[in-house]
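Asks: Following is a predicted model, sequence given first.
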Amino acid sequence: MDKKSPFKGDQNHFHHQLSKKFGEPKSVLILCGLTIILGSIAAFLQGINKMIALTIVSIIILAVIVKFTLKEKNSQ
C-alpha cells in the first residue's frame, strides 16, 4: 500500500482508465450505457430474476474492472 494521502488525486479511477483507452466522449457513452442497463434491470425485473440478473451483470462489471486494473499495473 502506498503511503499517500487519500485526499490526493490520482489517475487510477475507473473513469480515468476508460478515458485513456477510449477517449472522453466514448467513456461517457460507456458509463451512461452501463447506467441505463442497470437501471432497466432494476425497473423491469421482479423477484429472483432480478437477483440473478444483477449478480451476472455485477460479475461481468467486476471482471472488466479487474482487467483494466491489471492491464494498467502491467503497463507501468
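Replies: Nice, I can see it. All figures in this text were calculated on a predicted structure; none of them were measured in a lab.

Asks: going forward, measure contacts and count neighbours with C-alpha atoms only.
Replies: OK.

Asks: Compute the distance between the residue lying closest to residue 54 once chain neighbours are set aside and residue 29, please.
Replies: Leaving aside its chain neighbours, residue 54 sits nearest to residue 41 (7.3 Å; criterion: Cα to Cα, 6 or more residues apart in numbering). Here the distance between residue 41 and residue 29 works out to 18 Å (Cα to Cα, to the nearest Å).

Asks: who's more crowded, those two?
Replies: residue 41 (17 against 11; other Cα atoms under 10 Å).

Asks: one step back: ok, the residue nearest to residue 54 - contacts?
Replies: 50, 53-54 (Cα atoms under 8 Å, 6 or more residues apart in numbering).

Asks: Quick check: which element contains it?
Replies: helix 24-44 (DSSP states H and E).

Asks: buried residues in that helix?
Replies: 27, 41 (16 or more other Cα atoms under 10 Å).

Asks: returning to that earlier point: mind pulling up the pLDDT for the residue nearest to residue 54?
Replies: You'll see residue 41 listed with a pLDDT of 77.

Asks: What score does residue 1 have for pLDDT?
Replies: pLDDT, read off for residue 1, is 54.

Asks: typo on my end, residue 58
Replies: 86.

Asks: Let me know the angle separating the strand or helix carrying it from helix 24-44.
Replies: Per DSSP H and E, residue 58 falls inside helix 47-75. Per axes from the mean of the first three to the mean of the last three Cα atoms, to 10 degrees, the angle that helix 47-75 makes with helix 24-44 is 160 degrees.
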